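In: All I have is the shape, not the residue letters:
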Ligand code: SF4
Ligand code: SF4
């Protein structure tokens, strides 16, 4: 039997299907977005492997999210602080201001002891690195102990096997 290959997505209708508003497209890498949609349509996804080696790199150079995109402009950062004052611990890395996304360092980071209040760190710290990083064209920092793989997530494999068992 010849299996038809699914076609790569090409319309904004797909954006709605995966829950991204049209305006989000302005904040992300189109190539990465299309690749991510293509992964989903083929039943795969990004899988995070590895573990944190506590190198502290992401505390000294991190991208921040505002609404559904990563921050590109300082004005977005100021709006974020107005909404969530806890983000005032971050400051823009000056040499990075011309990049696609702004990079930030955290004033809570101590080179000797790490996070000065680890129990009260933000969700973005707890969840780093998230799948939205590759979706939006971001990359892991050099030296980070995590890796992104592409494959069929365990829960999808499990659901498929359960369906097979139920059919028997
Ligand atoms: S709050 Fe702590 S874990 Fe989060 S970026 Fe700052 S130093 Fe790192
Ligand atoms: S860059 Fe990666 S390995 Fe280093 S502290 Fe952050 S999550 Fe952990």
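Out: Cool, got the structure. Everything numeric here is computed off the predicted structure, so don't read it as measured data. Ligands and ions are numbered 1, 2, ... in the order given.

In: What segments of this protein are helices?
Out: Using DSSP state H, the helices found in the chain span residues 12-17, 30-41, 57-60, 74-83, 123-126, 132-135, 154-167.

In: Tell me which of the ones you listed sits nearest to residue 47.
Out: Proximity to residue 47 (CB to CB) singles out helix 154-167 among the helices of the chain, at 8.3 Å. C-beta coordinates here come from the backbone N, C-alpha and C atoms, glycine included.

In: quick one: contacts of stretch 109-119?
Out: 54, 56, 59-60, 106, 108, 121, 125 (CB atoms under 8 Å, 6 or more residues apart in numbering).

In: quick one: which of those is most hemmed in?
Out: Greatest neighbour count in these, by other CB atoms under 10 Å, goes to residue 59: 23 neighbours.

In: give the contact list for that one.
Out: 105-106, 108-109, 114-115, 125.

In: what subset of the contacts of stretch 109-119 is also close to ligand 2?
Out: 54, 56 (CB under 6 Å from any ligand atom).

In: pLDDT and distance to residue 78 added to the contacts of stretch 109-119, as a markdown table?
Out: Below are the contacts of stretch 109-119 laid out as a markdown table (pLDDT from 0 to 100; distance: CB to CB, whole Å):
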| residue | pLDDT | distance to residue 78 |
| --- | --- | --- |
| 54 | 91 | 31 |
| 56 | 94 | 26 |
| 59 | 96 | 21 |
| 60 | 94 | 21 |
| 106 | 97 | 17 |
| 108 | 97 | 19 |
| 121 | 95 | 22 |
| 125 | 93 | 21 |
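
In: quick one on the thing from earlier: cross the contacts of residue 59 against strands and list the overlap.
Out: If you go by DSSP state E, the contacts of residue 59 have 105-106, 109, 114-115 in strands.

In: Weed out the non-buried ones from those residues.
Out: 105-106, 109, 115 (16 or more other CB atoms under 10 Å).

In: Among those, which pair sits farthest apart?
Out: Going by CB to CB, the pair spanning those furthest: 105 and 115, at 12.6 Å.

In: Show me where this protein dips below the pLDDT cut-off.
Out: 1-28, 96-99 (pLDDT under 70).

In: need the residues of it near ligand 1, please.
Out: 59, 106, 108-109, 115, 121-122, 125.

In: try it again with 8 Å
Out: 56, 58-59, 62, 89-90, 106-110, 114-118, 120-122, 124-125 (CB under 8 Å from any ligand atom).

In: Need the contact partners of stretch 152-166.
Out: By CB under 8 Å, 6+ apart, stretch 152-166 touches 43-45, 47.

In: pretty sure residue 63 contacts residue 69?
Out: No - contact status for residue 63 versus residue 69: not in contact, 10.0 Å apart, counting by CB atoms under 8 Å.

In: No further queries at this time; thank you.
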